[in-house]
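Fold the following.
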Amino acid sequence: MRFLTAALTASLLVLALPAGGEPVSAQGKKPRDLAARCAKPEFAKSNPRSCARYADKKPEPAKQAEQPTRPDFTAEDQAIAVIPGVPDARFWADSEKDFLAALPSTPGPWLALSTGGGDGAFGAGLLNGWSESGKRPEFSLVTGVSTGALMAPYAFIGPSQDPGLKRAYTEYNAGDIFEDVKTPESLVDTWPLKRLIAKEVTPELLAEVAEGHKRGRRLFVATTNLDAGRGVVWNMGAIAAKGDEAALKLFRDILAASTAIPGLFPPVLIEVEANGKKTQEMHADGGLTAQIFVAPESMLNTSSSTKLPASALYLIANSRLAPEFQMTERSLIFVLGHAINIGVQTMLRIGIDRAYAAAKRSGVPFNLAYPALASDQQGKGAFDPEFMKDLFASGVARGRGESPFVQEAGEALRGSLPAGK
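Okay, the predicted model is just below:
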């Protein structure tokens, strides 16, 4: 998740420009005009005639961005809110009962895809290489969070969508994800990402997801409901099975919401019905509540007696797992970005460890893959296309290899075990 620092840098550089975006001089100072000089009391006193024209002029107040509004929404409304026409569209991520009810009827291998931003190129490459090896199974359940949510539909459909995965992580750059324009809710605007999702998530892709769902397989994507302060898991196959324009829009909106890093990217409003009225929920990055989603917390707790009904568990972490030294510059951008990265990495490591423990208690084979990157292997900015291509290629090589995954999480999380052969 180091891309957060790069993205914050890119967005805040715009905020650092002088008002109106005017250039600065070679010495780094904007040339001052007479009005600016006359604003200084000493200069105005010494040059009364020259400054007379500015004496009574008051600066125009800065225009305030229009604050967006939402329909009133209460806790009572939230308790009964539903997606029109799709009663089984979602459930709370912390509900063990609803999770078990939504699972495939026939056990099979599970695949969980983590957060990671542009580093999702590793997971996309690994899935491509795994397909080439001929050893990639068909998963009964695929889950995705943030960048993992974007690759989850491709992974769910299977190897036929590998070209789409490759395209998504090797042919696009930061300009295809966000524009450096503030919104009332974020530092940048993600209209390019929404356009990209609309381009990639076609009615044909929706139909393929629906077909897998009808055969008993499941595709889950996680978001965070900012109003409720809880994670939400979306049953994407059930939504796809609806098959109309509203279902296609909702499918796309959920993918955008799962990647909406609060403060950096704008949240996504999702239409719901409650108490006979239409209203909107505000959803953001699923990584706020889980960097990787395998099951509700109650099932992952050490005290749980509920077993994971999977034949095998595969986790792809689209991020470095070992902490690395990085001197933090004394600036808002780097302090905030580095702090967020630390929190994200820690949450991911904890999530992997809990999933590993739950798999062991359940007698389920555990498999983990993550990028093996040296500390000097960094992108040159958010969603650096050359770095992503290299990361994709390393994922392909890993997927083709004899052992793409490690089976023990403990040493991997301590950073002393190679990330796979």
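
Just give the number of residues close to the nearest residue to Gly125 once chain neighbours are set aside.
In space, and not counting its chain neighbours, Gly125 is closest to Gly395: 2.4 Å by CB to CB, 6 or more residues apart in numbering. For glycine as for every other residue, the C-beta is placed from the backbone atoms N, C-alpha and C. By the measure other CB atoms under 10 Å, the count of residues near Gly395 is 29.

from now on call the first residue 239
With the count now opening at 239, the last piece we talked about shows up as Gly633.

Quickly find the element holding Gly633.
In this structure, Gly633 sits in helix 623-638 according to DSSP states H and E.

Please apply the same query to Asp332.
Here Asp332 is assigned to no helix or strand, by DSSP H and E.

Now do it against Gly450, distance only.
Asp332 is 26 Å from Gly450, where distance means CB to CB, to the nearest Å.

again with Leu486
When distance is defined by CB to CB, Leu486 is 16 Å away from Gly450.

Toward the C-terminus, what is the element adjacent to the longest helix along the chain?
The single longest helix within the chain, with elements called by DSSP state H, is helix 570-600. With elements assigned by DSSP H and E, the helix or strand that comes after helix 570-600 is strand 604-607.

what are the ranges of the strands in the stretch 439-588 of the chain?
Taking DSSP state E, counting those that start in this stretch to define them, one finds strands in the stretch 439-588 of the chain at 456-463, 468-473, 506-512, 515-523, 550-554.

of the ones you listed, which approaches Gly575 most closely?
Proximity to Gly575, assessed across those by CB to CB, is greatest for strand 515-523 (15.3 Å).

If I take the closest one and helix 570-600, what angle do their directions form?
Going by axes from the mean of the first three to the mean of the last three CA atoms, to 10 degrees, strand 515-523 is angled at 100 degrees with respect to helix 570-600.

Report the buried residues of strand 515-523.
Neighbour counts over strand 515-523 (16 or more other CB atoms under 10 Å) mark 517, 519-523 as buried.

repeat for stretch 463-479
Buried residues in stretch 463-479, counted by 16+ other CB under 10 Å: 463-466, 469-479.

Endpoints of it, how far apart?
This stretch, stretch 463-479, spans 23 Å end to end (CA to CA, to the nearest Å).

residue ranges with poor pLDDT in the protein?
In the prediction, the chain carries residues with pLDDT under 70 at positions 239-271, 283-285, 287-288, 291-303, 612-614, 617, 619, 653-659.

before we move on, the earlier item: so Leu486 and Gly450 - more neighbours on which side?
Shown here are Leu486 and Gly450; by other CB under 10 Å, Gly450 has more neighbours (23 against 19).

Quick one: residues contacting that one.
Gly450 is in contact with 394-395, 457, 475, counting by CB atoms under 8 Å, 6 or more residues apart in numbering.

any chance of those in CSV, with distance to Thr421 too?
Converted to CSV, the contacts of Gly450 look like this (distance: CB to CB, whole Å):
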residue, distance to Thr421
Phe394, 31
Ile395, 33
Leu457, 30
Gly475, 32
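
if I look at Gln564, how far off is Phe458?
From Gln564 across to Phe458, the span is 34 Å (CB to CB).

Ok, Glu438 next?
Counting by CB to CB, the separation of Glu438 from Phe458 is 19 Å.

Between the two, which is the more surrounded one?
Phe458 (26 against 19).

Wait, the more buried one touches Val383, no?
No - look at Phe458 against Val383 with CB atoms under 8 Å: they stay out of range, at 9.5 Å.

list the residues that contact both of those two?
Counting by CB under 8 Å, 6+ apart, the shared contacts of Phe458 and Val383 are Phe531.

Contact partners for the nearest residue to Gly601 once chain neighbours are set aside?
The shortest distance from Gly601 to any non-neighbouring residue, by CB to CB, 6+ apart, is to Lys545 (7.3 Å). Neighbour list for Lys545: 599-602 [criterion: CB under 8 Å, 6+ apart].

In a markdown table: those residues, plus distance to Tyr552.
Formatted as a markdown table, these follow (distance: CB to CB, whole Å):
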| residue | distance to Tyr552 |
| --- | --- |
| Arg599 | 17 |
| Ser600 | 14 |
| Gly601 | 16 |
| Val602 | 10 |
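
Give the PyMOL command for selecting the buried subset of these.
Of these, the buried ones can be selected in PyMOL as follows, counting by 16+ other CB under 10 Å:
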select buried, resi 599+600+602
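
can you tell me which of the contacts of Lys545 lies nearest to Leu349?
Closest to Leu349 out of the contacts of Lys545 is Val602 (12.9 Å), distances taken as CB to CB.

how about the closest one, phi and psi?
phi -100, psi 130 (degrees, to the nearest 10).

isn't it right up against Tyr552?
No - using CB under 8 Å as the test, Val602 is too far from Tyr552 to be in contact (10.4 Å).

List the residues that are in contact with both of those two.
Common neighbours of Val602 and Tyr552 (CB under 8 Å, 6+ apart) do not exist.

any idea how far Val532 is from Leu493?
Counting by CB to CB - Val532 and Leu493 are separated by 20 Å.

Ok, Asp336 next?
For Asp336, the distance to Leu493 - CB to CB - is 21 Å.

of these two, who's got more company?
More crowded of Asp336 and Leu493, by other CB under 10 Å: Leu493, with 25 against 16.

give the contact list for the more buried one.
Residues near Leu493 by CB under 8 Å, 6+ apart: 387-388, 391, 435, 439, 459.

what does Val383 give?
351-353, 459-460, 496, 523-525, 528-531.

and it, what are its phi and psi?
With angles defined as degrees, to the nearest 10, Val383 sits at phi -130, psi 130.

Disregarding residues adjacent in the polypeptide, which is nearest to it?
Nearest-residue entry for Val383: Gly524, 4.2 Å, with adjacent residues in sequence omitted and distances by CB to CB, 6+ apart.

where along the stretch 239-388 of the chain do the helices fall?
Along the stretch 239-388 of the chain, counting by DSSP state H, counting those that start in this stretch, helices occupy 241-253, 272-276, 279-284, 286-293, 313-318, 334-340, 358-371, 385-395.

Perfect, I'm done here.
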